[in-house]
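*Asks:* Here's my sequence, what's the structure:
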Amino acid sequence: MNRTRLYLDVDGVLNAQMPMGWGRLGNGYARVDGVEYKIRWAPAMIDALRSLDVELVWCTTWRDNAKVSLAPLIGWGEHGRVLHPWEEDVWPSIDWKFPAIQDDQKASPSRFIWIDDEIESKMRDAFPEALVIKTNDRIGISTAQMQDIRDYLAP
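*Replies:* Prediction:
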């Protein structure tokens, strides 16, 4: 069996307006195709995620830019792999993420955690063995949700 996979969104999850309960906040800019985007994150939350024994899979409209531009800014370094939509422009993004995760799981099944701010209850119901977390897009991952993740990963 593969390591537990972490399907991770960016905006509303890592990049949030007011991450709460994590202490000091980080602010910066990530460059994507010549445009700078303001990023706000909680370094303690990033450290908590980095400490998990999981396979990171970026599942975000940032696509490869999450790995190349955002991750180094927030102190994560360039690692993980990236899920891509079947088509170039698919909006809203949740419409491609759900089937992309289904396909990824069919190709290589594993336990997994999916964290996104757009998850709908039907998506959670489709993955009963997974830990599917919907964040508040203004707060990002809460400390209580991080405890849920740790509990899920515990032997």
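*Asks:* which residues in this structure form helices?
*Replies:* Taking DSSP state H as the test, the helices found in the chain are 43-50, 64-65, 71-73, 94-107, 121-126, 143-153.
*Asks:* so can I have JSON lines of those helices showing mean neighbour count and mean pLDDT?
*Replies:* The way it works is simple: take the backbone N, C-alpha and C, and place the C-beta from them, glycine included. Converted to JSON lines, the helices of the chain look like this (neighbours: other C-beta atoms under 10 Å; pLDDT from 0 to 100):
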{"stretch": "helix 43-50", "mean neighbour count": "17", "mean pLDDT": "97"}
{"stretch": "helix 64-65", "mean neighbour count": "16", "mean pLDDT": "93"}
{"stretch": "helix 71-73", "mean neighbour count": "16", "mean pLDDT": "95"}
{"stretch": "helix 94-107", "mean neighbour count": "16", "mean pLDDT": "93"}
{"stretch": "helix 121-126", "mean neighbour count": "12", "mean pLDDT": "93"}
{"stretch": "helix 143-153", "mean neighbour count": "14", "mean pLDDT": "98"}
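*Asks:* Make CSV out of those helices and add distance to residue 25.
*Replies:* Below are the helices of the chain laid out as CSV (distance: least, C-beta to C-beta, whole Å):
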stretch, distance to residue 25
helix 43-50, 8
helix 64-65, 21
helix 71-73, 13
helix 94-107, 26
helix 121-126, 29
helix 143-153, 14
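*Asks:* Quick one: closest of those helices to residue 22.
*Replies:* Nearest of the helices of the chain to residue 22, taken as C-beta to C-beta: helix 43-50 at 4.4 Å.
*Asks:* Tell me the helices and strands packed up against the closest one.
*Replies:* helix 143-153 (3 or more C-beta pairs under 8 Å, 6 or more residues apart in numbering; DSSP states H and E).
*Asks:* Show me how far the helix it packs on is from its chain's centre.
*Replies:* Using C-alpha atoms, centre = their mean, to the nearest Å, the distance from the centre of helix 143-153 to the centre of the chain it belongs to is 14 Å.
*Asks:* and that helix, C-alpha only, in PDB?
*Replies:* Extracted in PDB, the C-alpha atoms of helix 143-153 (Å, rounded to 0.1, in the frame of the first residue of the first chain):
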ATOM      1  CA  THR A 143      -5.800  23.900  14.400                       C
ATOM      2  CA  ALA A 144      -8.800  21.500  15.000                       C
ATOM      3  CA  GLN A 145      -8.700  20.300  11.400                       C
ATOM      4  CA  MET A 146      -4.900  19.700  11.800                       C
ATOM      5  CA  GLN A 147      -5.700  17.500  14.800                       C
ATOM      6  CA  ASP A 148      -8.300  15.600  12.700                       C
ATOM      7  CA  ILE A 149      -5.500  15.000  10.200                       C
ATOM      8  CA  ARG A 150      -3.100  13.800  12.800                       C
ATOM      9  CA  ASP A 151      -5.800  11.500  14.300                       C
ATOM     10  CA  TYR A 152      -6.500  10.100  10.800                       C
ATOM     11  CA  LEU A 153      -2.800   9.400  10.200                       C
END
